[in-house]
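> Quick one, fold the following:
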Amino acid sequence: MQTYKYRFDKVIIVKQQEKDQTEIAYKDATKSFEDVATKLYNLLKKKEDLIVFQEKKLKKGATIDEIHHYTRFLDSVEKSIEDTQQKVIRARTKMEWHKDKLLEKSLECRKYEKMKEKDYQTYQKEQDRIEMIHLDELSSIAYYNKEIR
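Okay, here's the model as predicted:
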């Protein structure tokens with residue numbers, strides 16, 4: 001009985017490697033998205049804290065210079081927030097793209113695995129058929145030898 005060797009094993013290996021690389025790229029994109037989103041959260045929190053601080057200062061009394069200083073600082077934080085929001089959008093888009101690619105590669109790998117399973121089943125049926133033929137031949141020979149004696 002010969003051993004089973006699938007003719008597309010090398011293709012499956014390549015497809016699995018592509019899937020693994022895509023998975024790594026997706027994880028990296030997810031990490032980048034999380035980092036940028038965290039940065040955005042921190043900037044929004046900073047803005048909120050600054051507004052609360054500025055309101056307290058105004059209630060207690062603040063000089064014009066302090067008000068201008070806090071206003072410029074708030075404008076700077078808002079600009080950073082806008083820039084970071086754009087980065088979040090780009091990072092999310094990149095992450096979703098990699099997610100789609102990973103799904104595509106996973107499906108492709110699964111198709112090849114299914115093909116291999118079906119091929120193996122065909123191989124098994126053929127091996128069983130050959131074995132039955134050999135058993136029939138042995139049985140016939142044994143019967144013939146028994147009849148001759």
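> now stretch 14-31: mean pLDDT?
In this model, stretch 14-31 carries a mean pLDDT of 97.
> what do you get for stretch 101-113?
For stretch 101-113, mean pLDDT rounds to 96.
> Alpha carbons only: can I get that stretch in CSV?
Below are the C-alpha coordinates for stretch 101-113, written out as CSV (Å, rounded to 0.1, in the frame of the first residue of the first chain):
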residue,chain,number,x,y,z
LYS,A,101,-7.7,40.3,3.5
LEU,A,102,-7.4,37.9,6.5
LEU,A,103,-10.9,36.7,5.9
GLU,A,104,-10.1,36.2,2.2
LYS,A,105,-6.9,34.3,3.0
SER,A,106,-8.6,32.2,5.6
LEU,A,107,-11.3,31.2,3.2
GLU,A,108,-8.7,30.4,0.5
CYS,A,109,-6.8,28.1,2.9
ARG,A,110,-10.1,26.4,4.0
LYS,A,111,-10.9,25.7,0.3
TYR,A,112,-7.6,24.0,-0.2
GLU,A,113,-8.0,22.0,3.0
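> give me every residue that touches the residue nearest to Glu113 when sequence neighbours are not counted.
Leaving out its chain neighbours, the residue that sits closest to Glu113 by Cβ to Cβ, 6 or more residues apart in numbering is Ile12, at 7.1 Å. Placement of C-beta: from N, CA and C, glycine included. Neighbouring residues of Ile12 by Cβ atoms under 8 Å, 6 or more residues apart in numbering: 6, 109, 112-113, 116.
> Much appreciated, bye for now.
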